[in-house]
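J.: The following block contains a protein sequence and its predicted model.
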Amino acid sequence: MRNRWWAMPVLAGGAALLAACGSSGSPSASGTTAATGGGTTAPAAAHSTMPAGSAAISTRSTSKGTVLVNAKGRTLYWFAIDTPTSSKCTGTCATYWPPVVGKPAAAAGTSLPHALGSITRSNGQVQATYDGHPLYTYVGDTAPGQVKGNGLKLSGGLWWAATPSGTKLGAAAASSPSSSTSSGGSGY
């Protein structure tokens, strides 16, 4: 009986979070993921030269270091249990961690030291990758430059903000991003 009183506020809070995020993760008519609010870090002219169905990737300085961001300035993340050829984040996981959909391209004026690429998700969508990691945004980041998803253990693994160097955000340059995986866990 007591648990019912807690269920409604928890469900209402989750619904409010999703409502505040708008259409995050929903493909737009151009095939790119609609990102949550915020401004852009790349000049508007850069977007007009991007091929249809592509995802513009640039960098942004945050309080914790430099990260990769989408055209709206939202931090991009990678999931430790993904492989270079497949995403392990589907269903409810993809609601909280929307995949970056489309073939990635560096935004005008952005130079990245590692390779951009893509994979095909189980639903047929093309998902952007960087340095062999499928890329996502996080609905908990409500403004450009936030890195609230960095280091979270959710959906059965750890989440890391994508950095230009390919290392975990805040890690020394010598560490390897692909060496940290986690199994099990709780969360979304």
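T.: That came through, no problem.

J.: next SSE after the helix or strand of the chain with the lowest mean pLDDT?
T.: Sorting the helices and strands of the chain by mean pLDDT, DSSP states H and E puts helix 44-48 at the bottom, at a mean of 37. Following helix 44-48 in sequence order, the next helix or strand is strand 54-62 (DSSP states H and E).

J.: The residue nearest to Leu152 when sequence neighbours are not counted: what's it in contact with?
T.: Distances taken as Cβ to Cβ, 6 or more residues apart in numbering put Trp159 closest to Leu152, at 4.9 Å, once the chain neighbours are dropped. The C-beta positions use only the backbone N, C-alpha and C, and glycine is treated the same way. Trp159 sits next to 77-80, 97, 136, 138, 149-153 when contact means Cβ atoms under 8 Å, 6 or more residues apart in numbering.

J.: 7 Å - rerun?
T.: Residues counted as contacts of Trp159 (Cβ atoms under 7 Å, 6 or more residues apart in numbering) are 77, 79, 149, 152.

J.: Nearest to Val126 among these?
T.: Distance to Val126 across those (Cβ to Cβ) is lowest for Phe79, with 17.0 Å.

J.: Go ahead and confirm that closest one touches Cys89.
T.: Yes: taking contacts as Cβ atoms under 7 Å, Phe79 lies within contact range of Cys89: 5.3 Å.
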